[in-house]
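Q: Generate coordinates for the sequence data below:
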Amino acid sequence: MKYPLDGITVIDLSHALAGPFCTTMLADYGAQVIKVEPPTGDIARGWGSQIAGGETAYFVSLHRNKRGVVLDLKTAEGKEVFFKLLEKADVVIENYRVGALKRMGLDYEAARKRNPGIIYCSISGFGQDGPYRDRAALDLILQAESGMISVTGEAGGRGVRCGVSIADLTAGNLLALGVMMALFDREVTGVGRWVHTSLLESIIFMLDFQATRYLVAGEVAGQAGNDHPTSVPTGVFPASDGLFNIAASSARVFHRCCDALGKPEWKTKAEWDTQQKRSKVRADINAAISEITKHKPTAHWVEVMEAAGVPCGPINTIDKVFADPQVQHVGIAQELISEKLGKLNLLGSAINMVGTSKKLRRATQDLGHDSEEVLASVGYTKEQLADLRAKGVI
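A: Modelled structure (predicted):
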């Protein structure tokens, strides 16, 4: 099977989540990703739910389709091994603290001297320069400082963290896009470049229209809970067996919603006849809808609303998500066989390309599993490998 990134070699110096999430996307579509870990291993090897063999679900999912190398970059020999790998690579990904790799002599300036075509990619917490460049950064900290927590949660509440590490994941996504643009540019110019983003920039970017409300109109958004900040009625409503969503996001869909609820007279109610007016009386509209929806089950309302052309759906727990027939049809959950762990069910890619399989190919391996194979591919002999291993370099 031919993959879009066949022939692209990526050296992954990153750890935790943001950088590895980027390289997972590249690996899934054919890039040869060489994950470099220190002798103590990536800190994320111990994160998340424990599974058989001492591994964690988090780590085995995040590092599929990659080859693993142990390399002590604090030693002169380890640095030289890195540069030998770099000479035949296309991309380097790192998310070290700002300045750490420069102090080690492994930054972009050093890398491009050995390989002018290298695309060197960095993720930092707050940016590569500026007053916060040296601050330690974790996803939660950036969710708070970026304003994301201030617009998440119930109205009038204290703010709530997003249920996933959205700053890390977004930074990884954006860096993968940056890699693609830089690879395309290199086809024209023949030279690489330094590509970087930060958790701060990435999560502010994800504020999207909430940020634009302030930048353009001076509005400081707050929390709106499950209601849409500006579209009414869009939110969570009670059924007789739980909760479900309705999204009547335009005048036309609102009219359809009124008909589906058996309340056609609402369409011409003076206080509700524009989106701006409905925004001012959101609580009244939600209460009126709830009085109707609470008497019948979710399945009834999903069927009725869908038939009327009103977006509507249940609020699923994660087990129900993966039992859903559409989720099963798109195949985002995939089975992968590990020699060590047996059958694994993992989250696959969300990108589909006609003519390209997105089937997972290679399970995450033990620490340093591929060190000798990878280093032999750039010219190290058995004797040299044995010497590096004896010194603790690999």
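
Q: separation between the spatially most central residue of the chain and Ala283?
A: Taking C-alpha atoms, centre = their mean, the centroid of the chain lies closest to Leu169, which sits 2.8 Å from it. The spacing between Leu169 and Ala283, counted by C-beta to C-beta, to the nearest Å, is 34 Å. (Glycine included, C-beta is placed from N, CA and C.)

Q: so the residue nearest to the centre of the chain touches Phe21, yeah?
A: Yes. At 5.8 Å, Leu169 and Phe21 qualify as touching, with contact defined as C-beta atoms under 8 Å.

Q: one step back: contacts only, for the residue nearest to the centre of the chain.
A: Neighbouring residues of Leu169 by C-beta atoms under 8 Å, 6 or more residues apart in numbering: Leu17, Ala18, Phe21.

Q: Which of the helices or strands spans it?
A: Using DSSP states H and E, Leu169 maps to helix 166-189.

Q: Restricting to C-alpha, output that helix in PDB.
A: The C-alpha trace of helix 166-189 is given here as PDB (Å, rounded to 0.1, in the frame of the first residue of the first chain):
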ATOM      1  CA  ILE A 166      -7.100  20.800  24.000                       C
ATOM      2  CA  ALA A 167      -4.000  23.000  24.100                       C
ATOM      3  CA  ASP A 168      -1.700  20.100  23.500                       C
ATOM      4  CA  LEU A 169      -3.900  18.500  20.900                       C
ATOM      5  CA  THR A 170      -4.400  21.700  19.000                       C
ATOM      6  CA  ALA A 171      -0.700  22.500  19.000                       C
ATOM      7  CA  GLY A 172       0.100  19.100  17.700                       C
ATOM      8  CA  ASN A 173      -2.500  19.400  14.900                       C
ATOM      9  CA  LEU A 174      -1.200  22.800  13.900                       C
ATOM     10  CA  LEU A 175       2.400  21.700  13.900                       C
ATOM     11  CA  ALA A 176       1.500  18.800  11.600                       C
ATOM     12  CA  LEU A 177      -0.100  21.300   9.200                       C
ATOM     13  CA  GLY A 178       3.100  23.400   9.500                       C
ATOM     14  CA  VAL A 179       5.200  20.400   8.600                       C
ATOM     15  CA  MET A 180       3.100  19.800   5.500                       C
ATOM     16  CA  MET A 181       3.500  23.400   4.400                       C
ATOM     17  CA  ALA A 182       7.200  23.400   5.000                       C
ATOM     18  CA  LEU A 183       7.600  20.200   3.000                       C
ATOM     19  CA  PHE A 184       5.700  21.700   0.100                       C
ATOM     20  CA  ASP A 185       7.800  24.800   0.300                       C
ATOM     21  CA  ARG A 186      11.000  22.800   0.300                       C
ATOM     22  CA  GLU A 187      10.000  21.200  -3.000                       C
ATOM     23  CA  VAL A 188      10.300  24.700  -4.500                       C
ATOM     24  CA  THR A 189      13.200  26.200  -2.600                       C
END
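
Q: Next secondary structure after it?
A: Going down the chain from helix 166-189, the next helix or strand is strand 194-198, by DSSP H and E.

Q: got the contact list for that following strand?
A: Residues outside strand 194-198 that contact it (C-beta under 8 Å, 6+ apart): 108, 119-128, 137, 171, 174-175, 178-179, 181-182.

Q: what comes up buried for the following helix or strand past it?
A: Note on strand 194-198: by DSSP H and E, the next helix or strand toward the C-terminus is helix 199-217. Neighbour-count burial for helix 199-217, counted by 16 or more other C-beta atoms under 10 Å, picks out Leu199, Leu200, Glu201, Ser202, Ile203, Ile204, Met206, Leu207, Gln210, Ala211, Arg213.

Q: Just send the residues you listed back as CSV, with pLDDT too.
A: As requested, those are arranged in CSV below (pLDDT from 0 to 100):
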residue, pLDDT
Leu199, 98
Leu200, 98
Glu201, 98
Ser202, 98
Ile203, 98
Ile204, 98
Met206, 97
Leu207, 97
Gln210, 95
Ala211, 97
Arg213, 94
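
Q: ok, so of those, who is nearest Val60?
A: Closest approach between the buried residues of helix 199-217 and Val60, by C-beta to C-beta: Leu199, at 24.3 Å.

Q: show me what contacts the closest one?
A: By C-beta under 8 Å, 6+ apart, the neighbours of Leu199 are Ala18, Ile123, Ser124, Gly125, Phe126, Ala137, Asp139, Leu142, Ala167, Asp168, Ala171.

Q: Can you tell me which of these lies closest to Cys312?
A: Ala167 (30.8 Å).

Q: pLDDT score for that closest one?
A: If you check Ala167, the pLDDT there is 98.

Q: same deal with Gln50?
A: 87.

Q: Surely it and Thr56 touch.
A: Yes. Using C-beta under 8 Å, Gln50 is in contact with Thr56, at 5.9 Å.

Q: The two - which one has more neighbours?
A: Per other C-beta atoms under 10 Å, whichever of Gln50 and Thr56 has more neighbours is Thr56, with 17 against 11.

Q: For that one, give its distance to Asp129.
A: Distance, Thr56 to Asp129, by C-beta to C-beta: 35 Å.

Q: Please enumerate the strands of this structure.
A: Assigned by DSSP state E, the strands in the chain fall at 9-12, 32-37, 66-70, 91-94, 119-124, 194-198, 234-239, 242-247, 312-314, 333-338, 342-347.

Q: Does anything pack onto the fifth one? Which helices or strands?
A: It refers to strand 119-124. helix 18-28, strand 91-94, helix 108-114, helix 166-189, strand 194-198 (3 or more C-beta pairs under 8 Å, 6 or more residues apart in numbering; DSSP states H and E).

Q: Go through these and name the closest to Glu219.
A: Closest approach to Glu219 among the helices and strands packed on strand 119-124 is made by helix 166-189 (22.2 Å; C-beta to C-beta).

Q: buried stuff in that closest one?
A: For helix 166-189, the neighbour count (16+ other C-beta under 10 Å) marks 166-176, 178-180, 182-183, 186 as buried.
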